[in-house]
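> sequence below, structure please.
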Amino acid sequence: MSSTGRDIFIVANSTDELGGVTGWMHRTAQLFQQQGHRVHTVGVHAAELKMALPDPPGYPVTALYPAHPPTPWTPRGVRDRFRVPARRREAARAAAKREAVERLSGIFRSARPGGVVIVSQVWAMEWVGEADTRGLRVIGMSHESYAYSRASHRYRWIRNHYAALDRWLVLTEEDADTWAGDGMDNVGFMPNALARLPAVPSPRTGKSVASIGRLTDQKGIDMLLDTWALVAPERPGWTLDVYGAGEDEAALRARCTALGLDGSVRWRGRTDDVPGALAGSSVFVQSSRGEGFPLALMEAMASGLPCAAFDCAPGVREIVRDGEDGLLAPAGDVGALADRLLRLTGDPRMRDAMGDRARAGVQRFSEAEIVRRWEELFAFLER
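Model prediction:
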């Protein structure tokens, strides 16, 4: 390894897509730079729904494609094989992919000895797997739970693409043990780091419950609206503040109207100032169908908010200690989540006690601790 640090390449589906994995990518790149490493972030494609990047980022940010690449075409039956336009489109797609892979190989070839490639999302591994990674250590990651991967096509991708890597990382020890039991003997775990600790926590005086996340099926905002329909009649004067954007926004707004919740739900849009958004709230809620190690949950706790959440993944129950610094409900149980919100919104003393414990406890995932663990892993892989 160079005396000025390693060359580290972080590869994801996109470098600018709105979402927690993108935020993780850029904050991790900054932390590695602060350690003296030379970092290059690479996305398979530029995103349509963008997030604000560090300005300036201080490291190269590359997209292999200007937009999401087309999916491969597979002919179905003899007649399909003679569809000339489709065959031409498939040939063009394959040629574009070869160019993207060669561009990625060229980026990797710039590495000094001791270089590391971190692939933060499963789909991006398809390009990394075809690229020239000779002389590099390759680490794959999954930012979702074993159960969520197992129920999707990504399970097969992980088995096909991650088994031969130098290391692949999940977010919790529980999931690492589960994957090891499923035959993946190169698995370890690495929690996400707490990005920031606001100097001043929320005063927890506003009658607001906050939610932060993309407006997509995974985040379960439809279930949150059903939950709020049970809470709102019992808590007049309280509002649900929904921060986020996504392809399901129109359908979710229509559902909100149909449930008669327009008077108590505020659609706040995306935010790049999470502490500012949370400062006016007293409770945080997470209604996801699946998660990895949710940054939004950690940020809410860092702001001193007690959290009510679906226990949908090991990462959630590792962050929130049920009954101590937040309240968990069985995954998908709308009535149970409503009960947790009613308890937190109805008891100021409980809110304050849990909020204070949340702010103190979440600091066990500090950036300094997580960076130390990354450095230990790099040193281990170099032996």
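> pLDDT score assigned to Val119?
Val119 carries a pLDDT score of 98 in this model.
> which residues does it bridge with?
Counting by DSSP bridges, Val119 is bridged to Val11, Gly140.
> elements contacting the strand ranked longest in the chain?
Longest strand in the chain by number of residues (criterion: DSSP state E): strand 38-45. Judged by 3 or more C-beta pairs under 8 Å, 6 or more residues apart in numbering; DSSP states H and E, strand 38-45 is in contact with strand 7-12, helix 20-34, strand 61-65, helix 84-109. To be clear about C-beta, it is placed using only N, CA and C from the backbone, and glycine gets the same treatment.
> winner for burial among the ones you listed?
Neighbour counts (mean count of other C-beta atoms under 10 Å) averaged over each of these peak at strand 7-12, with a mean of 26.
> could you list every helix and strand in contact with that one?
Under the contact criterion of 3+ C-beta pairs under 8 Å, 6+ apart, strand 7-12 touches helix 20-34, strand 38-45, helix 84-109, strand 116-119.
> quick one, phi psi at Val209?
As for Val209, its main-chain torsions (degrees, to the nearest 10) stand at phi -110, psi 130.
> if I look at it, how far off is Leu240?
The gap separating Val209 from Leu240 is 5 Å, by C-beta to C-beta, to the nearest Å.
> before we move on, what about Thr178?
Separation of Thr178 from Leu240 (C-beta to C-beta): 34 Å.
> quick one: which of these two has more around it?
In this view Thr178 and Leu240 are compared by other C-beta atoms under 10 Å, and Leu240 has more residues nearby, 25 against 18.
> can you tell me the SS state at that one?
Using DSSP: H, G, I helix; E, B strand; the rest coil, the secondary structure recorded for Leu240 is strand.
> mind listing what's buried along the host helix or strand of Asp226?
Assigned by DSSP states H and E, Asp226 belongs to helix 221-231. Burial within helix 221-231, assessed by neighbour count using 16 or more other C-beta atoms under 10 Å, is assigned to 221-229, 231.
> which residues are contacting stretch 56-68?
Applying C-beta atoms under 8 Å, 6 or more residues apart in numbering, the contact partners of stretch 56-68 are 14-16, 26, 29-30, 33, 38-46, 48, 53, 96, 100, 103-104, 107, 127.
> for stretch 329-348, same thing?
For stretch 329-348, the surrounding residues in contact (C-beta under 8 Å, 6+ apart) are 204, 207, 209, 220, 223-224, 226-228, 230-231, 234-235, 238, 282-283, 285, 287, 289, 306, 308-312, 327-328, 350-351, 354.
> domains of this protein?
Domain segmentation of the chain under automatic domain parsing yields 7-193+366-382, 208-365.
> which of those has the lowest mean pLDDT?
Among these, domain 7-193+366-382 has the lowest mean pLDDT, at a mean of 92.
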